[in-house]
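> build me a structure from this.
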Amino acid sequence: MGVLTGFVSALPAQLRDPVLFAIPFFLLLLTLEWTAARKLAKLDAASGAGDPAESRPAWGAHLARDSMTSISMGLVSIATTAAWKALALFGYAALFAYVAPWQLSASKWYAWLIAFLGVDLLYYAYHRCAHRVRLVWATHQAHHSSQYYNLATALRQKWNNSGEILMWAPLPLLGLPPWMVFFSWSLNLIYQFWVHTERIAKLPRWFEFVFNTPSHHRVHHGMDRLYLDKNYGGIFIIWDRIFGSFQEELFRPHYGLTKQVDTFNVWKLQTHEYVAIVRDWRSANRLRDRLGYVFGPPGWAPGGADRRGGVAPIASSR
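Okay, the predicted model is just below:
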């Protein structure tokens, strides 16, 4: 970690990604949760607790291979995200310097407010699009591919950030310096780390009303029919309440994809949906159906059938 800290400190202040500074804390919290999960699993086994008929992972559990897969995806995403940001910098800088009607100063508090809220609102829009447009879903689905829900799952990040890059283009167009957009983006990502856990139940009502929480985000990762395509918020859950995509957690979700991809191969997890899109495109006879397979929602099929489904809600105690 000393090498990483030294490298980040050597960068110009405006290029230092807060996510890099947060990595040691991510790993510390992940280690604590993983250790607690192993300890509790041993206690349950010794006491005979748990339902032997329950086939899904125990509450708050970690599987070593699954967690290592998530961590591996996260490590690669550090490099891929940096590459996408470097590419975006050229476009954002051009919009900021030559197209924006004004240029906001980072010394003004309202510029930070616009950046912070703007990134989060546009993240909501991107995230909703990612669940409703199959081509964008192909970039995002790897994050949902784990059947476990823990802090390691937070690190199971996509390698293709093109959708977010395009979605945040209005911010430099509004006069926000590109580095402020990237900084706010990183803060948004850091916040979302802690909501990926089953170890935190519901928080005070006022907090649950305004902010994204573990309870809200567990719903988002659920493959149950009631929970599909809900709770897209990054930091603020208020966007979901305003735009009608909010769902309260009523029972413990089943996690993962509606059609599970049973592999720990990180390349397959990142690319299998692209392969499926190509296969469906080739199988279609009409251009209309081909476009539906690419730009329709995940699970779309000709004739209006939805192949995705989702398991029915079941009662389950934590």
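
> make it CA atoms for all contacts and neighbour counts henceforth
Noted.

> off-centre distance for stretch 84-103?
Distance of stretch 84-103 from the chain centroid (Cα atoms, centre = their mean, to the nearest Å) equals 25 Å.

> contacting residues around that stretch?
160-162, 165, 169, 172-178, 182 (Cα atoms under 8 Å, 6 or more residues apart in numbering).

> same deal with stretch 170-186?
Against stretch 170-186 from outside (Cα under 8 Å, 6+ apart): 14-15, 17-19, 85, 89, 92-93, 95-96, 99-106, 111-112, 115-116, 118-119, 168.

> go with 6 Å
19, 92, 95-96, 100, 102-104, 116 (Cα atoms under 6 Å, 6 or more residues apart in numbering).

> which among the contacts of stretch 84-103 end up buried?
160-161, 165, 169, 172-178, 182 (16 or more other Cα atoms under 10 Å).

> out of those residues, name the two that are farthest from one another.
Greatest spatial distance among the buried ones among the contacts of stretch 84-103 (Cα to Cα): N160 and G175, at 25.7 Å.

> just give me the closest of the contacts of stretch 170-186 to F264.
V19 (24.9 Å).

> shaky segments in the chain?
1-55, 59, 304-318 (pLDDT under 70).

> ranges for the helices of it?
With helices called from DSSP state H, the chain shows them at 2-10, 18-47, 64-94, 109-132, 134-140, 151-154, 162-167, 170-173, 178-193, 205-210, 214-221, 238-243, 266-283, 287-295.

> can you tell which of the ones you listed is closest to T258?
helix 214-221 (10.7 Å).

> next, the angle from that closest one to helix 178-193.
Computed by axes from the mean of the first three to the mean of the last three Cα atoms, to 10 degrees, the angle separating helix 214-221 from helix 178-193 equals 100 degrees.

> for helix 214-221, give me every contacting residue.
195-196, 202, 227, 230-231, 249, 255.

> buried only: go through the residues you listed for me.
Buried among those (16+ other Cα under 10 Å): 195-196, 227, 230-231, 249, 255.

> out of those, which are inside strands?
Judged by DSSP state E, strands contain none of the buried ones among the contacts of helix 214-221.

> export the residues you listed to JSON lines and tack on distance to A301?
As requested, the buried ones among the contacts of helix 214-221 are arranged in JSON lines below (distance: Cα to Cα, whole Å):
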{"residue": "V195", "distance to A301": "33"}
{"residue": "H196", "distance to A301": "32"}
{"residue": "Y227", "distance to A301": "21"}
{"residue": "K230", "distance to A301": "22"}
{"residue": "N231", "distance to A301": "25"}
{"residue": "E249", "distance to A301": "29"}
{"residue": "Y255", "distance to A301": "24"}
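
> of all these, which comes closest to R56?
The closest of those, once distances to R56 are taken by Cα to Cα, is Y255, at 8.9 Å.

> show me what contacts the closest one?
Contacts of Y255 by Cα under 6 Å, 6+ apart are 147, 221-223.

> swap in 10 Å and give it another go.
Shown in contact with Y255 (Cα atoms under 10 Å, 6 or more residues apart in numbering): 56-57, 144-149, 218-224.

> quickly note the distance from the residue nearest to W194 when sequence neighbours are not counted to L87.
Once flanking residues are discounted, W194 sits nearest to L151: 6.8 Å by Cα to Cα, 6 or more residues apart in numbering. L151 is 29 Å from L87, where distance means Cα to Cα, to the nearest Å.

> the two: which is more packed in?
L151 (29 against 13; other Cα atoms under 10 Å).

> quick check: V294 touching R282?
No. Checked against Cα atoms under 10 Å, the pair V294 and R282 is beyond contact range at 11.3 Å.

> touching both of the two, which residues are there?
A276.

> quick check: the residue nearest to the spatial centre of the chain vs V261, distance?
Centre of the chain computed as the mean C-alpha position; nearest residue by Cα atoms, centre = their mean is H143, 5.8 Å away. Note on H143: its distance to V261, by Cα to Cα, is 12 Å.

> common neighbours of those two, please.
Shared contacts of H143 and V261, defined by Cα under 10 Å, 6+ apart, comprise L269.

> isn't H131 right up against A138?
Yes. Using Cα under 10 Å, H131 is in contact with A138, at 9.2 Å.

> of these two, which one has the most company?
Per other Cα under 10 Å, whichever of H131 and A138 has more neighbours is A138, with 24 against 20.
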